[in-house]
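Asker: Sequence plus predicted model, see below.
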Amino acid sequence: MPIPKSNEFKEEEDPSQLSKEPKKIPLVKIESCIDNFQTEFVSLNCPKCKAPSTFEKKIYFKTWPKYMLVVMSRILLDDWVPKKDISEIVFGSETLDLSRFKLPQFDASKKIEGNF
């Protein structure tokens with residue numbers, strides 16, 4: 001799961017560094033990681049008109065797993081050089097509500113928009 005950018009930081013002093021300036025570590029909430037994973041924008045050419053279009057792809061759960069493991073992608077490529085993302089993932093004290101990721105019920109009465 002990719003780690004999104006954050007505007008919140010935590011300052012931490014690094015004893016191995018000789019500089020007196022504290023290191024800023026980005027704080028990222030687990031909810032924002034899951035939201036970032038759920039929605040993806042895909043660019044494709046329309047099969048009918050051949051024009052480039054952007055589509056929103058969403059990932060949902062049809063059934064709930066008994067156990068769920070999440071692997072964070074901490075290695076980033078910066079100008080083809082692998083670097084570790086030092087962001088700190090913050091978990092809230094409350095139970096994580098994943099109900100918004102459940103597959104919505106199909107409604108046959110809704111019209112699908114678009115020219116196919």
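Answerer: Nice, I can see it. Numbering: from 1, shown residues only.
Asker: tell me the secondary structure for the residue nearest the centre of the chain?
Answerer: Here the mean C-alpha position of the chain is nearest to the C-alpha of Asn36 (CA atoms, centre = their mean), at a distance of 2.4 Å. Following DSSP: H, G, I helix; E, B strand; the rest coil, we place Asn36 in the helix state.
Asker: so what's it closest to, chain neighbours aside?
Answerer: Across the structure, with CB to CB, 6 or more residues apart in numbering as the measure, the residue nearest Asn36 apart from its sequence neighbours is Pro4 (4.4 Å). C-beta here means a position set from N, CA and C on the backbone, and glycine is covered the same way.
Asker: quick revisit: now do the residue nearest to the centre of the chain, the pLDDT please.
Answerer: The predicted local confidence for Asn36 comes out at a pLDDT of 80.
Asker: Enumerate every residue touching Ala51.
Answerer: The contact partners of Ala51, taken as CB atoms under 8 Å, 6 or more residues apart in numbering, are Asn45.
Asker: quick one: low-confidence parts of the protein?
Answerer: Applying pLDDT under 70 to the chain picks out residues 1-2, 13-20, 111-116.
Asker: still on that earlier bit, can you name the residues that contact the residue nearest to Asn36?
Answerer: By CB under 8 Å, 6+ apart, the contact list for Pro4 reads 28, 32-33, 36.
Asker: cool, and Trp64?
Answerer: Neighbours of Trp64 in contact, by CB under 8 Å, 6+ apart: Leu98.
Asker: Trp33 sits in which helix or strand?
Answerer: For the record, residue 33 is Cys, not Trp. helix 30-38 (DSSP states H and E).
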